[in-house]
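Peer 1: Below is the sequence, then the predicted model.
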Amino acid sequence: MNIAEKIFQSADPKATAVIEKGIACTYEVLDLRSKLVASWLGEREGFFPTARIGLTGADSLSYLVLSLGILRAGGCFVPIAQELSRSEAEELSRTLYLDGILDSSAGIEEPAFVTLSHPSCPWQQDYASLNPALIRFSSGTTGDAKGILLSHETLLDRIITANAGLGIGPDDRILWVLSMAHHYVVSILLYLCRGATIILPESHRADALIDEAVAHGATVLYGAPFHYVMLGAGEHHSKWPTLRLAVSTTAGITHSAAESFASIYGVHPSQALGVMEVGLPFVNHDAASEKPDSIGRPQDGVEARLLDEEGGPVQHGMNGRLEVRCRGIFDAYLSPWRPSDGVTREGGWFATGDIAHADEEGYYYLKGRTKTVISVGGMKFFPEEVEDVLMTHPGVSEARVMAREHSIFGSFMEAEVVLSGDAPVTDAELLKLCKGKLARYKIPARIVFVEKIPRTASGKIQRYQSQDQASGSPLS
């Protein structure tokens, strides 16, 4: 089974698939263009079935065409976020043994393809046996995996599960505001599999987004909390009569942000929980106005449970470690290779890394994370990544990175640094170091010099997070 081929088997060829700069592209045209890319790729040196092909570039119709072309050619699509620094992109390439890279900015008439050469991939045979479709380069819930593999069958399973709550159909038009490199499976692929239209706005300013939404009759907004804060700020009072569904993901949306948005546009944002290893197990599609801070009940086909530290069940209203079981759980972690059945618990349960509680009606509420993941503007990463870079400076002996509350983006980063000697070190020096090695959203907004970093009795860095920042989970 090939998920990209499945899109065009069921779509109405004359229906609009994508609107970019006011110009409509039908499913028929998207079919033809992506098929041509697949054919072109198949003739390239270094390409073979199951080849891991990275794709970089801005969100665009070209990006969609190339990604679908990779899948239709039998390759495995690997999104490379534009925000990654050169060293991060090189690490991604080495760790995942990429066979080639495409750049969507070069267009699709004559795509820019670079063939890569690496040592022999140690997990190639196991990987190829799974009908691989997509790899997300991520630290994963465990904090140490560097790639999450999804097969074509897994993609279809999680699309079906996710749409149980979203209810996307051919009449829907989705206003795209997220990053395709970070959000592709239960968003881009789901919309196309359901024959919907994706609207790519020219600008992400609040007034421009509303203008595009109204002009093209957008029915769905799937965004991060800061999108709802921005659109509900009270400065943009244009009506949005066609909006039927607003979904907030990547972090917890505040009650005030949800209410402000609803008071202007008439739709309460539905909180959702997305986990790259699982998909979209929760969407609060039936109680968004009554319980705006809940992620809802488990979707159809999803089981959830909360366990205490000893692995026993917790009572209603008590916090516990969230685990889920459903179709569409990831196929394997890469580097080191670990199939999902070696990661999930007995019975197929997957620990999401979230702390949550459930009320008597079965609605779940996120309370924090068991790990240290940070979310900035919808982008997820671990503080250890930034700390490791800061520690490469000869004048730094210790570092601790934490999230602080931000009224629009949910959180911003602050780094505490302990100097190793008497030599002067400036925050400008450290920021320059970070800018050379990290994606922009991972760069601390503030660096504070301190005498020591608090540690636990076992010697680990003592961490803490704001309540709002702590309520997200990695997005699929």
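Peer 2: Cool, got the structure.
Peer 1: In contact with the closest residue to Ser39 other than its chain neighbours, which residues?
Peer 2: Nearest non-adjacent residue to Ser39, counting by CB to CB, 6 or more residues apart in numbering: Ala73, 7.7 Å away. To be clear about C-beta, it is placed using only N, CA and C from the backbone, and glycine gets the same treatment. Ala73 is in contact with Val37, Ala38, Ser39, Leu41, Gly42, Phe47, counting by CB atoms under 8 Å, 6 or more residues apart in numbering.
Peer 1: go on, Ser67?
Peer 2: Contacts of Ser67 (CB under 8 Å, 6+ apart): Leu55, Phe77, Pro79, Met180, Tyr184, Ile188.
Peer 1: Name the SS class of Ile135, please.
Peer 2: For Ile135, the assignment made with DSSP: H, G, I helix; E, B strand; the rest coil gives strand.
Peer 1: That one and Ala73, how far apart?
Peer 2: To Ala73, Ile135 is 16 Å away according to CB to CB, to the nearest Å.
Peer 1: With Ile295 instead?
Peer 2: Distance from Ile295 to Ala73, by CB to CB: 37 Å.
Peer 1: now do Val229
Peer 2: Distance from Val229 to Ala73, by CB to CB: 41 Å.
Peer 1: ok, now Leu41?
Peer 2: In terms of CB to CB, Leu41 sits 4 Å off from Ala73.
Peer 1: do the same with Val386
Peer 2: To Ala73, Val386 is 37 Å away according to CB to CB.
Peer 1: what does Pro269 give?
Peer 2: The value you get for Pro269 to Ala73, if CB to CB is used, is 38 Å.
Peer 1: which residue ranges form the helices in the stretch 1-150 of the chain?
Peer 2: 3-10, 27-42, 61-72, 86-96, 124-128 (DSSP state H, counting those that start in this stretch).
Peer 1: Could you list the low-confidence segments of the stretch 351-476 of the chain?
Peer 2: Along the stretch 351-476 of the chain, the parts satisfying pLDDT under 70 run over 368-373, 377-378, 406-411, 455-460, 463-476.
Peer 1: Helices of that one, start to end?
Peer 2: Going by DSSP H, counting those that start in this stretch, the stretch 351-476 of the chain shows helices at 383-390, 427-437.
Peer 1: And for Ala206, the neighbour number?
Peer 2: 17 (other CB atoms under 10 Å).
Peer 1: ditto for Glu5
Peer 2: Considering only other CB under 10 Å, Glu5 is surrounded by 16 other residues.
Peer 1: which ones are touching it?
Peer 2: Arg72.
Peer 1: gap between it and Leu192?
Peer 2: For Glu5, the distance to Leu192 - CB to CB - is 12 Å.
Peer 1: Checking the closest residue in space to Lys21 that isn't next to it in sequence next. Helix, strand or coil?
Peer 2: Sequence neighbours aside, Glu202 is the residue nearest to Lys21 in space, at 6.0 Å (criterion: CB to CB, 6+ apart). Assigned with three-state DSSP, Glu202 falls in the coil class.
Peer 1: Read off the pLDDT value for Glu202.
Peer 2: pLDDT for Glu202: 93.
Peer 1: can you pull the contacts of it?
Peer 2: Lys21, Ala208, Glu212.
Peer 1: who wins for neighbours among the residues you listed?
Peer 2: Glu212 (20 neighbours).
Peer 1: Spatially nearest residue to it, not counting backbone neighbours?
Peer 2: Pro201 (4.5 Å).
Peer 1: wait, doesn't that neighbour sit right on Ala208?
Peer 2: Yes - counting by CB atoms under 8 Å, Ala208 is a contact partner of Pro201 at 6.3 Å.
Peer 1: hmm, back to that, and the contacts of Ala73, which are buried?
Peer 2: Val37, Ala38, Leu41, Phe47 (16 or more other CB atoms under 10 Å).
Peer 1: so how far is stretch 305-321 off the chain centroid?
Peer 2: Here stretch 305-321 is found 27 Å from its chain centre; the criterion is CA atoms, centre = their mean, to the nearest Å.
Peer 1: Residues touching it, excluding its own?
Peer 2: 322-324, 349, 351, 354-360, 367, 370.
Peer 1: ok, the residue nearest to Ile253 when sequence neighbours are not counted - contacts?
Peer 2: Spatial nearest neighbour of Ile253, chain neighbours left out: Pro225 (4.3 Å); criterion: CB to CB, 6+ apart. Residues near Pro225 by CB under 8 Å, 6+ apart: Ser248, Thr250, Ala251, Gly252, Ile253, Thr254, Ala257, Gly410.
Peer 1: Run a quick neighbour tally on the residue lying closest to Ile374 once chain neighbours are set aside.
Peer 2: In space, Ile374 comes closest to Ala403 once its chain neighbours are excluded; the distance is 4.7 Å by CB to CB, 6+ apart. By the criterion of other CB under 10 Å, Ala403 has 24 neighbours.
Peer 1: got it, and Ser256?
Peer 2: Ser256: 12 neighbours (other CB under 10 Å).
Peer 1: List the contacts of it.
Peer 2: Going by CB under 8 Å, 6+ apart, the list of residues near Ser256 is empty.
Peer 1: so what pLDDT did it get?
Peer 2: 80.
Peer 1: How is it assigned, secondary-structure-wise?
Peer 2: helix.
Peer 1: and what of the one 3 residues further on?
Peer 2: In terms of secondary structure, Glu259 is helix; the call rests on three-state DSSP.
Peer 1: Excluding chain neighbours, what is closest to it?
Peer 2: Pro292 (7.2 Å).
Peer 1: Which strand or helix spans the one you found?
Peer 2: Following DSSP states H and E, there is no helix or strand that holds Pro292.
Peer 1: wait, isn't it in contact with Ser248?
Peer 2: No - proximity of Pro292 to Ser248 does not meet the contact threshold set by CB under 8 Å, at 9.3 Å.
Peer 1: The two - which one has more neighbours?
Peer 2: Per other CB under 10 Å, whichever of Pro292 and Ser248 has more neighbours is Ser248, with 28 against 21.
Peer 1: Make sure Leu102 is actually in contact with Pro111.
Peer 2: Yes - look at Leu102 against Pro111 with CB under 8 Å: they come within range, at 5.5 Å.
Peer 1: For the stretch 101-250 of the chain, which segments are assigned as strands?
Peer 2: 112-115, 132-136, 148-151, 173-175, 197-200, 220-223, 245-248 (DSSP state E, counting those that start in this stretch).
Peer 1: Relative to Leu64, which of the ones you listed is closest?
Peer 2: strand 197-200 (7.7 Å; CB to CB).
Peer 1: packing partners for that closest one?
Peer 2: strand 16-20, strand 173-175, helix 190-193, helix 206-216 (3 or more CB pairs under 8 Å, 6 or more residues apart in numbering; DSSP states H and E).
Peer 1: what's the angle from the last one to strand 16-20?
Peer 2: The one in question is helix 206-216. 150 degrees (axes from the mean of the first three to the mean of the last three CA atoms, to 10 degrees).
Peer 1: which helices and strands sit right next to helix 206-216?
Peer 2: Using 3+ CB pairs under 8 Å, 6+ apart: helix 206-216 touches strand 173-175, strand 197-200, helix 225-231.
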